[in-house]
Every structure is written in C-alpha cells, then in structure tokens.
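A.B. asks: Here's a sequence, model it:
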Amino acid sequence: MHLFSKPHAGYTIIEVLIAVGIFAIGFLAVAGLQIRAVNSATNARVITQALEMADARAEFYHALPLYPNFTDTTLSSAERFETPAQLSEGLNETHARGYTIQTRIKDNQPFAAVENIYTHSADPATVVVSKTISIAVFETAHPGKILAEMEMVKIWDKDL
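C.D. replies: This next block holds a predicted model:
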C-alpha cells in the first residue's frame, strides 16, 4: 500500500500564481510601450501643426510685395516706397488654436538701406532693400518651449 494512493492531477495554487505573475509583468511592459507610443504620436502631431503654422506664416510674408505702390508714378517718392503695415519692423504675436506665433521683422538685414534711385524728386525716400523675418511657434500654455522656428530674408529685387 502506498502512502498516497491517488496521484495528484492538475496545478497547485502556487503554480497558478507564478504563471499569473509572469503574465502580469509581460502585460505591464506592453502597456508601458503603448503609453510611450501614444505620447510620441501626440508630440509629433503638435510639432507638425506648429511647423505647418510657421510655414503658412512664412508663405504669407513671402507673398506680400515690399513696395505695393512702387509703379504708381502719381505718388510722391515717400509714398511709392511705403511698405505694408504687415511688414513693419518690430515684434508681432498672434494666437491660433492654442499656439502663439511670434514674428520679428528687422529692416535692412542683411543689406543696408539705399537712397531712392528710381524717382528724381525733391524728397527722395530711403529704400529698405531687405527684411529679416524670424518666426517662432510655441504652445500658448508653454511659452518657453519653441516647437517650430524659421527665418527668411525678404529682398526687394529692384535694388539687387
């Protein structure tokens, strides 16, 4: 006669707990990777939107004429060489969809201004021949963290 007459079939509670523990560790690792993937995708979306806004702003400034009244010979020299208000030197901030777009315009960078050589008049205007336009986009909630940044030079091609 055997001490244990019936062989034990099945799993013990210890074996089941060890299997569940191993499964839980693996599941937590996969969940952590999923969270990182979602965060990375969100950050990529935010940066892509910021780049699109900066690019749109650069295209806007690129399309503006530096001197829209240049060909109107009925105007005075100073009026012919008047730049649009959107191209005025200085700092400008606009807000859109949770982002702040900051534009800084500097006159005569990198080239120096010249005297008007196209109109022989008593009041020759000083002609701005270039503007450096710097564009920075950041989330309005996080003003110190620049998401997109670009710089362009707008040149009045009649002087070059």
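
A.B. asks: three-state assignment of the spatially most central residue of the chain?
C.D. replies: Geometric centre of the chain, nearest residue: Ala148, 2.8 Å, by Cα atoms, centre = their mean. Under DSSP: H, G, I helix; E, B strand; the rest coil, Ala148 falls in the strand class.

A.B. asks: can you pull the contacts of it?
C.D. replies: If a contact means Cβ atoms under 8 Å, 6 or more residues apart in numbering, then Ala148 has 47, 50-51, 53-54, 135-137 as its contacts. (C-beta placed from N, C-alpha, C; glycine too.)

A.B. asks: Filter these down to the buried ones.
C.D. replies: Those of the contacts of Ala148 that meet the buried threshold are 50, 53-54, 135-137, by 16 or more other Cβ atoms under 10 Å.

A.B. asks: Restricted to strands, list these.
C.D. replies: Using DSSP state E, the members of those that fall in strands are 135-137.

A.B. asks: Report the beta-bridge partner residues of the residue nearest to the centre of the chain.
C.D. replies: Ala148 forms beta bridges with Val137, as assigned by DSSP bridges.

A.B. asks: and it, how far is that from Thr42?
C.D. replies: Note on Ala148: its distance to Thr42, by Cβ to Cβ, to the nearest Å, is 16 Å.

A.B. asks: Then Ala29?
C.D. replies: Relative to Thr42, Ala29 is positioned 21 Å away (Cβ to Cβ).

A.B. asks: and if you look at Ile25?
C.D. replies: 27 Å.

A.B. asks: If you count residues, where's the longest helix of the chain?
C.D. replies: With secondary structure taken from DSSP state H, the chain has its longest helix at helix 13-63.

A.B. asks: which intervals of the chain have sub-threshold pLDDT?
C.D. replies: Applying pLDDT under 70 to the chain flags residues 1-9, 115-124, 157-160.

A.B. asks: show me the contacts for Ala31.
C.D. replies: So Ala31 contacts nothing (Cβ under 8 Å, 6+ apart).

A.B. asks: Appreciated, that's everything.
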